[in-house]
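Colleague: Generate a structure from the sequence data that follows.
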Amino acid sequence: MSIKEISDILLNANEPEDVFTGSTKEEIKKEYRRLAKICHPDIAPQNEKELAEKTTILLNEFYEKANKKIEEGIYGIKDPKELYKKKQPIFSFDHRGNHYDIYQAIKEEDVSTIYEGLSNNELIRLKISNDEQDNQLLENEYKLLKEKKHLGLPSVISKLKINGRTTLIMKKEEGLTPSELIKEYGYIPQEHIVWILERLLSLVGYLHSYRIVHGNIKPENIIIDVENHNVKLMDYTLSIENANEQTSKYKIINEDYTPDYVSSTSKVIPNADIYAIGKLAIYLMGGDIKRNAMSVNVSIELRTFIRKLLNKNSNDAWQLWNELIDLRNKIYGTTRFQKLERKLK
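Modeller: Coordinates of the predicted model:
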């Protein structure tokens, strides 16, 4: 095994179990020493010393994580529900006849923090406002998610107050974020970009028909389920309802995913969402989102369609959805479901 091969394994690993094949402390220690010897900077060729140093640092980090997991008795357990059962919750509460154990904070959003836990042996997410001043934003999100029905919307279970802050109890949505998807599969083939675009345009078309602009579409707010070919758009705390009214304003600017004509004082238009979806497509295919550049392997038709999404005058998501269906049938035929095969082994 070469330094490069070890480096690739480490870079594609999420947990120490992805690196070490052993299951006991001694087996892992033996494997660690074997790998460490191969990538030791002192014996690496001159042209590989820098790579060897970086690889050694990463290897040491995974080895430390492995030892910590062994000490905690959780090494080799990949099911998150079983992992949580081995730990002490950071806090617990009862609500409407159900008990909730919360184990970790997993993400800090613009106005809230997301926690993960268990209830009735099911994974749930807890979304708590960061400040009482933001409570109304979460109240608005709860109302929107309860009233609107679409496969692309996340599922909210209930709401309550924790220490004066509005809290949403939500189902954990299955799937991967775009960055996780790229790490797992490699850059996404264009035939799969088409169904991802189809799902997103369907959802924003639905929202726009109710005069709602999400306004915060970015990779962190997307969950893609490759098994079921579904896409969820998350986080509606900064969405804009009654977006057609003169007093409605955008609430956030995202680098790369917000058009340059958007500001806190500009008129809200549906293209803010459509533009972000176009940028997401370029990102998923491994293109340059700064320059809107796509690989020459991307068909001219799809490239033209994605550039159309970036046009300020493209405001009708349903029309674009229909165009995409015709485009898909023309390029890939009428097959509705194609499995996304893994590129990384």
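Colleague: can you tell me how far the spatially most distant residue from the centre of the chain sits from residue 217?
Modeller: Residue farthest from the centre of the chain, counting by C-alpha atoms, centre = their mean, is residue 43 at 39.8 Å. The gap separating residue 43 from residue 217 is 49 Å, by C-beta to C-beta, to the nearest Å. C-betas here are computed from N, CA, C, even on glycine.
Colleague: Which positions in the helix or strand harbouring residue 146 come out as buried?
Modeller: Using DSSP states H and E, residue 146 falls within helix 135-147. Going by neighbour count (16 or more other C-beta atoms under 10 Å), the buried part of helix 135-147 is 135, 137-138, 140-142, 144-145.
Colleague: Same check on stretch 153-162?
Modeller: For stretch 153-162, by 16+ other C-beta under 10 Å, it's 153-154, 156-157, 159.
Colleague: Mind exporting the C-alpha coordinates of it to CSV?
Modeller: Extracted in CSV, the C-alpha atoms of stretch 153-162 (Å, rounded to 0.1, in the frame of the first residue of the first chain):
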residue,chain,number,x,y,z
LEU,A,153,-41.0,19.7,2.8
PRO,A,154,-39.5,18.4,6.1
SER,A,155,-41.9,16.8,8.6
VAL,A,156,-42.5,18.8,11.8
ILE,A,157,-44.0,16.8,14.7
SER,A,158,-44.8,19.4,17.4
LYS,A,159,-43.6,22.6,19.1
LEU,A,160,-43.0,23.8,22.6
LYS,A,161,-40.9,26.3,24.6
ILE,A,162,-37.6,25.4,26.2
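Colleague: Need the mean per-residue confidence for it.
Modeller: Stretch 153-162 comes out with an average pLDDT of 98.
Colleague: give the contact list for the closest residue in space to residue 309 that isn't next to it in sequence.
Modeller: Closest residue in space to residue 309, ignoring its immediate chain neighbours: residue 278 at 3.1 Å, by C-beta to C-beta, 6 or more residues apart in numbering. Residues in contact with residue 278 (C-beta atoms under 8 Å, 6 or more residues apart in numbering) are 306-310.
Colleague: does residue 278 belong to a helix or a strand, and which?
Modeller: Counting by DSSP H and E, residue 278 is part of helix 271-284.
Colleague: roughly how far is the helix or strand just after that helix from the heart of the chain?
Modeller: Once helix 271-284 ends, the next helix or strand along the chain (criterion: DSSP H and E) is helix 300-309. Relative to the centre of its chain, helix 300-309 is centred 24 Å away, using C-alpha atoms, centre = their mean, to the nearest Å.
Colleague: all helices in the stretch 51-200 of the chain, in order from the N-terminus.
Modeller: 80-85, 135-147, 178-185, 190-209 (DSSP state H, counting those that start in this stretch).
Colleague: which stretch in these has the least confidence?
Modeller: Across these, helix 178-185 gives the lowest mean pLDDT, at a mean of 89.
Colleague: got the buried residues for that helix?
Modeller: 178, 181-182, 185.
Colleague: on that earlier part again, which neighbouring elements make contact with the helix holding residue 146?
Modeller: Using 3 or more C-beta pairs under 8 Å, 6 or more residues apart in numbering; DSSP states H and E, the elements in contact with helix 135-147 are strand 122-129, strand 156-162, strand 165-171.
Colleague: Which residues does the first one contact?
Modeller: The contact list for strand 122-129, computed with C-beta under 8 Å, 6+ apart, reads 80-81, 100, 102, 106, 109, 111-118, 135, 137-138, 157, 162, 165-172.
Colleague: now do 7 Å
Modeller: With C-beta atoms under 7 Å, 6 or more residues apart in numbering as the test, strand 122-129 has contacts from 80-81, 100, 102, 111-118, 135, 138, 162, 165-172.
Colleague: what is the orientation angle of that strand with strand 156-162?
Modeller: Inter-element angle recorded for strand 122-129 and strand 156-162: 50 degrees (by axes from the mean of the first three to the mean of the last three C-alpha atoms, to 10 degrees).
Colleague: same thing with the last one?
Modeller: Inter-element angle recorded for strand 165-171 and strand 156-162: 150 degrees (by the same axes, to 10 degrees).
Colleague: starting at the chain centroid, how far to strand 165-171?
Modeller: That offset, for strand 165-171, works out to 19 Å (C-alpha atoms, centre = their mean).
Colleague: What is the least confident helix or strand in the chain by mean pLDDT packed up against?
Modeller: Across the helices and strands of the chain, mean confidence by mean pLDDT, DSSP states H and E is lowest for helix 178-185: a mean of 89. Packed against helix 178-185 by the contact rule (3 or more C-beta pairs under 7 Å, 6 or more residues apart in numbering; DSSP states H and E) you find strand 222-225, helix 271-284.
Colleague: Please find the angle between the direction vectors of that helix and helix 271-284.
Modeller: Using the same axes, to 10 degrees: helix 178-185 against helix 271-284 is 20 degrees.
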